[in-house]
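# predicted model follows, preceded by the sequence.
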Amino acid sequence: LRLAASQWLTGQLARMLILDSATGDPAGSCGLSVSDPHAGEGEVGYALLPQWRGRGYATRALRLLAGWAFGPAGLARLTAGTMPDNIASHRVLENVGFRREGLLRGRLPGLADTRIDDLVFGLLPDEIR
């Protein structure tokens, strides 16, 4: 997190910590990277510690991140990728307004020289819920 401001200023990425507002305890993290600067497209990611899952933290953090990405950060489109069987992550994305766009077969490297599919979601500024 010490490098977050300088990484964003150099156009690389913004990494943020998700904190519980009542206690200040870390619940997870989220981030934004510019995947295509000419098209104004960014990619988001998020992860929660197991004990914080299912409480709305990821949805809230992603909604705030998307608002910042489309506002001050000046992006025109966001994407996110998930494992096809990660239903909880699909729900987070859909609750924010992301729409399923397609399955990229074998896109990511897996263990023991395998390949993993990536289910891609996209969001435009007027679709945030």
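Received it, and whenever you're ready, just let me know what you need.

# what's the longest helix in this structure?
In the chain, taking DSSP state H as the definition, the longest helix is helix 57-70.

# pull up the pairing partners for the helix or strand just after that helix, direction included.
Scanning forward in sequence from helix 57-70 by DSSP states H and E, the next helix or strand is strand 77-82. Each strand that pairs with strand 77-82, with its direction, by DSSP bridges: strand 41-48 (parallel), strand 115-123 (antiparallel).

# now strand 77-82: buried residues?
Across strand 77-82, burial judged by 16 or more other Cβ atoms under 10 Å covers 77, 78, 79, 80, 81, 82. Where you see a C-beta, it was placed from the backbone N, CA and C, and this is true even at glycine.

# centre of the chain to the longest helix of the chain, how far?
Between the centre of helix 57-70 and the centre of its chain there are 8 Å (Cα atoms, centre = their mean, to the nearest Å).

# and the angle from it to strand 77-82?
150 degrees (axes from the mean of the first three to the mean of the last three Cα atoms, to 10 degrees).

# touching helix 57-70 from outside, list them.
16, 18, 20, 27-28, 30, 32, 42, 44, 46, 48, 75-76, 78, 89, 92-93, 95-97, 123, 125, 128-129 (Cβ atoms under 8 Å, 6 or more residues apart in numbering).

# any low-confidence regions in this protein?
For the chain, applying pLDDT under 70 flags the ranges 1-7, 9-11.

# let me know the outermost residue of it.
The centre of the chain is farthest from one residue, residue 112, which by Cα atoms, centre = their mean lies 26.6 Å away.

# and that one, that one's in a strand?
No - using DSSP: H, G, I helix; E, B strand; the rest coil, the assignment for residue 112 is helix, not a strand.
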